[in-house]
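Asker: Structure here, sequence nowhere to be found:
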């Protein structure tokens with residue numbers, strides 16, 4: 001199999017009690033606006049409390065009008081990296097890559113190598129799910145005590161990017177009567193935060209699996225990488 005070279009700094013979260021998030025919307029120079037851009041990763045306890053759910057969202061700021069045309073890049077491998085002993089080196093990976101309208105998942109399994117390059121571990125447990133078309137009922141596949149989804153979803157991340165810009169811009173004074181450097185409260189109308197990502201979509205890759213498959217401790221470290229096939 002062809003090796004893949006990482007083209008984006010990994011999005012990283014530490015899952016303690018299996019609940020946290022991280023976000024990064026179109027600001028990585030090598031992939032800005034590209035098909036390998038990771039917007040957010042999520043890890044949380046499943047509805048079945050013995051399970052954990054991992055989510056990677058990619059290709060942010062897709063308008064509803066353009067969502068039907070948005071597609072996963074078949075030349076990009078998305079890799080969930082799981083560190084279960086605290087040394088910041090992946091012990092297990094779950095790899096996901098699209099092909100002919102399906103998302104294929106490999107793992108969780110020990111990686112063939114650690115670091116920036118990856119080889120798809122074709123000897124690992126393999127599952128697939130049809131990629132859900134925009135505007136249709138979610139297609140979810142269950143197999144080997146795992147569940148899988150891939151397709152467009154409303155961007156769940158909330159951020160007032162205008163206000164953030166005001167906070168980080170020295171000497172900015174927008175005359176809104178709010179102390180510069182202060183975030184605005186949730187709400188509607190003047191003086192409240194506005195969600196920059198409202199009404200935009202992302203492409204989501206979701207896998208749910210038993211916690212026992214990722215380690216025996218109380219927490220794991222999780223990061224996601226997008227790697228373009230070379």
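Answerer: Happy to help now that I have it. Just so it is clear, the model here is predicted, and its values are computed rather than measured. Numbers count the residues shown, from 1 in each chain.
Asker: With adjacent residues omitted, what lies nearest to residue 35?
Answerer: The spatial neighbour of residue 35 that comes closest, neighbours along the chain excluded (Cβ to Cβ, 6 or more residues apart in numbering), is residue 73 at 3.6 Å. Glycine gets a C-beta too; all of them are placed from N, C-alpha and C.
Asker: which parts of whichever strand or helix holds residue 205 are buried?
Answerer: When secondary structure is defined by DSSP states H and E, residue 205 falls within strand 201-210. Using 16 or more other Cβ atoms under 10 Å as the burial criterion, the residues of strand 201-210 that qualify are 201-209.
Asker: Residue nearest the middle of this structure, spatially speaking?
Answerer: Nearest to the centroid of the C-alpha atoms of the chain, with distances taken as Cα atoms, centre = their mean, sits residue 56, at 1.9 Å.
Asker: Return the residues in contact with it.
Answerer: For residue 56, the set of contacting residues under the criterion of Cβ atoms under 8 Å, 6 or more residues apart in numbering consists of 11, 38, 40-41, 78, 80, 96, 204-205, 224.
Asker: just those residues now: which is nearest residue 67?
Answerer: residue 204 (11.9 Å; Cβ to Cβ).
Asker: ok, now how distant is that closest one from residue 225?
Answerer: The span separating residue 204 from residue 225 equals 17 Å under the rule Cβ to Cβ, to the nearest Å.
Asker: same deal with residue 63?
Answerer: Here the distance between residue 63 and residue 225 works out to 27 Å (Cβ to Cβ).
Asker: The two: which is more packed in?
Answerer: residue 225 (25 against 10; other Cβ atoms under 10 Å).
Asker: Backbone dihedrals for the more buried one, both of them.
Answerer: Main-chain dihedrals, residue 225, degrees, to the nearest 10: phi -120, psi 140.
Asker: Need the pLDDT of it.
Answerer: Per-residue confidence for residue 225 comes out at a pLDDT of 93.
Asker: again, but for residue 159
Answerer: The predicted structure scores residue 159 at 77 on the pLDDT scale.
Asker: which helix is the longest one in the protein?
Answerer: Ranked by residue count under DSSP state H, the longest helix found in the chain is helix 161-168.
Asker: now that one, how far from the chain's geometric center?
Answerer: Its chain's C-alpha centre and that of helix 161-168 lie 24 Å apart, by Cα atoms, centre = their mean, to the nearest Å.
Asker: Test my guess that residue 62 contacts residue 71.
Answerer: No - in this structure, residue 62 sits apart from residue 71 without contact. The criterion is Cβ atoms under 8 Å, and the distance is 10.6 Å.
Asker: quick one: common contacting residues for those two?
Answerer: Looking at what touches both residue 62 and residue 71 (by Cβ under 8 Å, 6+ apart), the common residues are residue 203.
Asker: residues of stretch 106-119 that come out buried?
Answerer: Within stretch 106-119, the residues scored as buried using 16+ other Cβ under 10 Å are 106-108, 111-112, 118.
Asker: follow-up on the earlier one: model confidence over the strand holding residue 205, on average?
Answerer: Rounded to a whole number, the mean pLDDT of strand 201-210 is 97.
Asker: Redo the buried residues of stretch 106-119 as a markdown table? Include distance to residue 197, secondary structure and pLDDT.
Answerer: What follows is the buried residues of stretch 106-119, written out as a markdown table (distance: Cβ to Cβ, whole Å; DSSP: H, G, I helix; E, B strand; the rest coil; pLDDT from 0 to 100):
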| residue | distance to residue 197 | secondary structure | pLDDT |
| --- | --- | --- | --- |
| 106 | 31 | strand | 97 |
| 107 | 30 | strand | 96 |
| 108 | 30 | strand | 97 |
| 111 | 32 | coil | 95 |
| 112 | 36 | coil | 92 |
| 118 | 29 | strand | 90 |
